[in-house]
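Asks: Sequence plus predicted model, see below.
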Amino acid sequence: MTEVPGIPPVEVAGMRTDRRHAMVLGVAGVAAASLPQTALALPENTPVAVPSPRRTWLLDRGWRFHPGHAADMSKDFDWGINQRTYAKPGLVTSPAAVADFDENGWAEVSVPHDWAVDLPYAPPATPAPEDKADAVAAHGFKAIGRAFPQNSVGWYRLRLPVGAADKGRAVWLEFDGVFRASKVFVNGFEAGGSESGYAPFRVNIADFLDYDGGPNQLALRVDASLGEGWFYEGAGIYRNVRLVSADAAHVPQWGTCVRTAIDAAGAGVSLLTTLANAGEGKSAVTLRQSIRDGAGREVARADDRQVALEPLASTEIGQDLHIRAPQLWSPASPNLYTLVTEVLRDGAAVDRYETTFGVRTVTFDAVKGFTINGRNVKLMGVCNHQDHAGVGTAIPDALHEWRVDRSIEMGVNAWRSAHNPPAQALLDLCDRKGMMMLAETRLNTTNPEAMDELERMILSSRNHPSVILWSVGNEEGHQGTERGRRISAELVARCKVLDSTRLTTQAMDQGWDSGAADAVDVVGFNYRTDKIPAWHERHPNKPVIGTETGSTVSTRGAYENDAARHIVKAYDTEHPWWASTAEEWWTIVANAPYIAGGFIWTGFDYRGEPTPYPAFPSVSSYFGAMDLCGFAKDNYFYYRAWWRPDQPLVHLLPHWNWAGRDGQAIPVWAHGNCEEIELLLNGKSLGRKPMPRNGHLEWQVPYAPGKLEARGYNGGRLAASDTRMTAGAPAKLRLTADRKRYTAAIADAAVLRIEVLDRAGNPVPTADDALSFAVSGPGRIIGLGNGNPTSTEPDKGTTRKAFNGLAQAIVQGTGQSGAVRVTVSGAGLAPASIDLSFHS
């Protein structure tokens with residue numbers, strides 16, 4: 001095998017597979033082979049613990065990148081300059097696709113990678129054509145798309161660590177997401193690619209490899225000239241990539257399907273396993289399958305099955321097993337099992353593939369709403385795009401985990417991947433952490449590309465117990481028409497063929513009485529939550545869910561509207577015409593047992609779709625319960641109060657820095673779930689009020705500097721409190737990390753919180769000081785942010801302003817073990833440092 005620096009060959013137990021299961025009768029599994037129990041436990045290019053004849057590489061380091069050009073072939077490495085580009089396979093279509101190309105001047109990057117986040121902002125000229133202005137605003141005013149051909153194409157190159165030892169084996173690449181229109185070359189041959197920017201895809205490359213000692217060169221051309229959404233989508237290889245070398249007789253990608261059904265004696269497990277033969281001769285093999293629980297104990301084993309594989313063909317084998325006294329999967333107890341699939345020849349294992357799955361029963365009912373394992377649970381969900389401050393769409397696995405954890409802290413138990421299939425790394429985390437997922441296909445149409453994308457989404461994800469619904473569309477123009485019904489019906493039918501265990505939905509913002517609503521199992525309401533009760537009276541036998549709810553807009557830490565500065569106050573009062581406040585929608589859903597729950601728009605702010613200010617410099621949305629950095633806005637605590645009512649909470653707003661406003665009335669709110677809340681100013685009680693269920697409390701308080709305090713009481717006893725202090729001038733910084741110990745892997749990252757404090761240590765809620773960042777040791781900053789929706793500072797670099805007292809840095813290891821010190825400083829501020837430990 002050819003060795004490549006930084007990408008050593010490794011033995012891996014299996015590879016990431018699909019997750020299949022689901023809804024109505026049970027639950028299913030996830031193909032696990034490439035990720036560990038903890039997404040962060042494995043450094044890149046290192047094996048899963050269980051030995052396997054299969055070899056899997058996580059291709060994250062050592063990539064080279066260079067911009068191409070969508071309109072000038074001479075600046076696009078001569079792509080398309082030859083009119084005979086597709087005349088013969090292997091015809092050199094671009095010098096950048098072959099091994100002996102000079103990479104001088106190409107940047108070294110790691111994957112995941114989003115080149116768009118590094119591009120400059122491009123506010124439209126005044127006046128600008130409306131279509132161009134809207135398109136640029138929708139993607140966060142980044143200079144990408146057809147108007148910017150010089151920024152819209154990217155080339156990637158990587159030397160592959162395969163060679164003579166892989167001759168006669170099945171060798172393929174797995175891409176979880178490339179935005180967009182990718183072409184994959186191996187040694188100058190176009191081996192595959194994908195138009196979709198979101199659906200995972202596989203490229204078989206065995207036919208194009210050099211097994212005689214020559215280099216094996218991978219190259220990709222990625223064209224993001226055209227978008228698929230109306231939100232920031234990034235550009236490049238923004239999700240994980242794996243290289244797999246398996247025996248000619250093997251389990252292919254997404255080659256296991258696990259279905260479970262709970263019965264009186266335990267749980268029946270139905271397996272459908274695909275075995276493939278990449279060889280030119282027949283192959284007699286034995287299929288051996290067993291199930292292990294979370295502790296690694298074998299709990300079921302199938303009888304060995306002898307299989308005769310035809311040359312260059314595949315076959316499916318069905319088997320049934322049974323688990324006694326299964327540990328069920330749920331948000332409260334996300335118990336997982338592992339299906340171990342082995343392929344043996346002459347008694348020796350030649351392939352091993354692991355599929356993680358869960359056992360559960362899910363129902364959507366027109367009267368009872370949503371149940372899991374027979375228990376009524378309200379779906380308290382968030383819609384999210386894959387986008388974060390500093391890194392754009394190239395979110396490391398650890399940051400996915402951090403975002404899930406922040407959501408769980410708020411009380412979230414469900415996640416809608418809007419408006420596209422989720423990353424497999426995110427699904428792995430949701431399985432492990434008990435976060436339920438509504439997975440959505442990107443295209444609501446029935447052309448071959450759309451059907452293929454739907455199939456890839458389901459095959460890759462149907463074993464994940466976290467997936468509870470498939471969504472076949474979002475606010476489609478034809479949603480309420482007969483055409484819309486036909487299209488969605490065909491998509492739903494395909495869903496049922498690929499996964500008969502889960503139900504389907506479609507997110508609709510009108511037309512719920514006909515059209516697509518007649519085709520799906522669960523009708524999705526985007527906003528208009530107040531219309532659901534009357535609709536339910538007309539359709540009493542149809543399950544319903546709020547696929548998008550709320551949509552309150554706010555600027556974190558701001559409490560007065562300022563249109564000139566694009567600032568929206570953070571009280572739960574501001575929302576677009578089509579939406580409602582958090583309190584309005586949740587009160588309806590919480591009191592209606594037949595509504596399965598709702599997904600707020602959104603959990604996190606995201607670039608693009610700037611609302612309510614669609615003009616520059618608003619470069620991101622204002623919708624999130626958290627800002628683009630994941631810092632909580634005040635509405636976060638409204639949901640935290642009522643979505644985790646067993647945890648006493650009081651949250652007080654606004655801040656208490658109102659210089660020059662002495663004696664003027666300041667609106668003061670308290671979110672919380674205690675029976676009563678008392679408000680005090682400088683130790684003097686301003687009264688105690690009962691907290692209305694699913695509501696909030698308000699006071700008008702004449703401003704006086706000092707200490708504003710809210711105390712929550714249950715049964716007359718103090719249960720929770722919150723305080724706002726009038727802060728002095730910025731004097732020092734505080735730097736904290738989500739953890740202290742990290743792997744040096746690309747998948748891992750430290751999320752650092754920077755706070756501006758006064759001399760007494762009080763947070764300064766209006767601070768906007770310029771900050772400088774320095775790193776020593778084997779670490780690097782991969783992104784900076786502050787949550788300001790109007791900030792146009794670069795996401796990369798060593799400087800960033802604080803916004804309303806906060807900033808964020810994301811730090812990653814460089815591949816070596818060692819201590820990393822991060823220091824943050826600012827003019828007139830005492831600096832802060834933190835020591836982090838990275839290990840390889």
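Replies: Sure thing, it's come through. All values derive from a computational prediction rather than experimental measurement.
Asks: buried ones in the host helix or strand of Ala710?
Replies: Per DSSP states H and E, Ala710 falls inside strand 707-714. Residues of strand 707-714 classed as buried by neighbour count (16 or more other Cβ atoms under 10 Å): Leu708, Glu709, Ala710, Arg711, Gly712, Tyr713. Where C-beta positions appear, they are placed from N, C-alpha and C, glycine not excepted.
Asks: Turn these into CSV, columns for pLDDT.
Replies: Output for those, formatted as CSV (pLDDT from 0 to 100):
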residue, pLDDT
Leu708, 98
Glu709, 98
Ala710, 98
Arg711, 98
Gly712, 98
Tyr713, 98
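Asks: Show me which of those is closest to Ile781.
Replies: Leu708 (36.0 Å; Cβ to Cβ).
Asks: pLDDT below threshold where in the stretch 551-700 of the chain?
Replies: Within the stretch 551-700 of the chain, no range satisfies pLDDT under 70.
Asks: Bridge partners for Gly268, pull those for me.
Replies: Ala261, His322 (DSSP bridges).
Asks: cool, and Glu709?
Replies: Leu680, Thr723.
Asks: can you tell me how far it sits from Pro763?
Replies: 15 Å (Cβ to Cβ, to the nearest Å).
Asks: from the buried residues of strand 707-714, which is closest to Pro123?
Replies: Nearest to Pro123 out of the buried residues of strand 707-714 is Leu708 (Cβ to Cβ; 39.4 Å).
Asks: Hmm, Ala727 and the closest one touching each other?
Replies: No - counting by Cβ atoms under 8 Å, Leu708 sits too far from Ala727 to count as a contact (12.0 Å).
Asks: Which two of the buried residues of strand 707-714 have the greatest separation?
Replies: By the measure Cβ to Cβ, Leu708 and Tyr713 form the most distant pair in the buried residues of strand 707-714, at 17.5 Å.
Asks: quick one: the residue nearest to Glu793 when sequence neighbours are not counted and Pro765, what's the gap?
Replies: Counting by Cβ to Cβ, 6 or more residues apart in numbering, Arg800 is the residue found nearest to Glu793 once chain neighbours are left out, at 5.9 Å. Note on Arg800: its distance to Pro765, by Cβ to Cβ, is 18 Å.
Asks: So between those two, which is more surrounded?
Replies: Set Arg800 next to Pro765 and count neighbours by other Cβ atoms under 10 Å: Arg800 wins out with 27 against 20.
Asks: quick one, phi psi at the more buried one?
Replies: Arg800 has phi and psi values of phi -160, psi 140 when expressed as degrees, to the nearest 10.
Asks: So what pairs up with it in the strands?
Replies: Leu771.
Asks: Moving C-terminal from the one helix or strand Arg640 maps to, which element do we reach first?
Replies: According to DSSP H and E, Arg640 maps onto helix 634-643. The first helix or strand that comes after helix 634-643 along the chain, using DSSP H and E, is strand 650-653.
Asks: for that following strand, packing partners?
Replies: helix 634-643, strand 665-672, strand 707-714, strand 717-725 (3 or more Cβ pairs under 8 Å, 6 or more residues apart in numbering; DSSP states H and E).
Asks: now with 10 Å?
Replies: For strand 650-653, the helices and strands in contact under the criterion 3 or more Cβ pairs under 10 Å, 6 or more residues apart in numbering; DSSP states H and E are helix 634-643, strand 665-672, strand 676-681, strand 707-714, strand 717-725.
Asks: which one of these has the most crowded surroundings?
Replies: Mean neighbour count (mean count of other Cβ atoms under 10 Å) peaks for helix 634-643 among the helices and strands packed on strand 650-653, with a mean of 24.
Asks: Helices of the stretch 551-700 of the chain, start to end?
Replies: 582-590, 634-643 (DSSP state H, counting those that start in this stretch).
Asks: So in this structure, which helix runs the longest?
Replies: Counting residues, the longest helix found in the chain (DSSP state H) is helix 482-498.
Asks: List the buried residues in that helix.
Replies: So for helix 482-498, counting by 16+ other Cβ under 10 Å, buried means Gly484, Arg485, Ile487, Ser488, Ala489, Glu490, Leu491, Val492, Arg494, Cys495, Leu498.
Asks: helix/strand/coil for the closest residue to the third one other than its chain neighbours?
Replies: If I follow you right, that is Ile487. In this structure, Ile487 finds its nearest non-sequential neighbour in Thr446, 5.5 Å apart by Cβ to Cβ, 6+ apart. Classification of Thr446 by DSSP: H, G, I helix; E, B strand; the rest coil places it in coil.
Asks: Confirm for me that Thr446 is in contact with Arg494.
Replies: Yes - at 8.7 Å, Thr446 counts as touching Arg494 under the criterion of Cβ atoms under 10 Å.
Asks: which intervals of this structure have sub-threshold pLDDT?
Replies: Short version for the chain, where the test is pLDDT under 70: 1-51, 83, 92, 125-135.
Asks: Which stretches in it count as helices?
Replies: Under DSSP H, the chain gives helices at 130-138, 397-410, 424-433, 448-461, 482-498, 532-538, 582-590, 634-643.
Asks: Nearest to Thr363 among the ones you listed would be which one?
Replies: Judged by Cβ to Cβ, the one of the helices of the chain that comes nearest to Thr363 is helix 482-498, at 16.3 Å.
Asks: quick one: that closest one to helix 448-461, angle?
Replies: Here helix 482-498 runs at an angle of 40 degrees relative to helix 448-461 (axes from the mean of the first three to the mean of the last three Cα atoms, to 10 degrees).
Asks: Measure how far helix 482-498 is from the centre of its chain, please.
Replies: 26 Å (Cα atoms, centre = their mean, to the nearest Å).
Asks: For that helix, name the packing helices and strands.
Replies: Using 3+ Cβ pairs under 10 Å, 6+ apart, helix 482-498 is in contact with helix 448-461, strand 467-474, strand 503-508.
Asks: Out of these, which is closest to Gly229?
Replies: Comparing those by Cβ to Cβ, strand 467-474 comes nearest, at 9.8 Å.
Asks: before we move on, back to that, find the residues that touch each one of Leu708 and Ala727.
Replies: His655, Trp656 (Cβ atoms under 10 Å, 6 or more residues apart in numbering).
Asks: ok so, going back, got the helices of the chain as a markdown table, with distance to Thr505 columns?
Replies: Shown next, in a markdown table, are the helices of the chain (distance: least, Cβ to Cβ, whole Å):
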| stretch | distance to Thr505 |
| --- | --- |
| helix 130-138 | 25 |
| helix 397-410 | 20 |
| helix 424-433 | 18 |
| helix 448-461 | 14 |
| helix 482-498 | 10 |
| helix 532-538 | 14 |
| helix 582-590 | 16 |
| helix 634-643 | 21 |
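Asks: what's near enough to touch the nearest residue to Gln816 once chain neighbours are set aside?
Replies: The shortest distance from Gln816 to any non-neighbouring residue, by Cβ to Cβ, 6+ apart, is to Pro778 (4.2 Å). Residues counted as contacts of Pro778 (Cβ under 10 Å, 6+ apart) are Ala744, Gln812, Gly813, Thr814, Gly815, Gln816, Ser817, Gly818, Ala819, Val820, Phe838, Ser840.
Asks: just to revisit the earlier point, how many other residues sit next to the residue nearest to Ile487?
Replies: 16.
Asks: ok, now how distant is it from Ala489?
Replies: Distance from Thr446 to Ala489, counting by Cβ to Cβ: 10 Å.
Asks: Thr393 now?
Replies: 32 Å.
Asks: ok, now Thr274?
Replies: Applying Cβ to Cβ to Thr274 and Ala489 gives a distance of 28 Å.
Asks: and what of Gly163?
Replies: Distance of Gly163 to Ala489, computed by Cβ to Cβ: 49 Å.
Asks: That'll do, ta.
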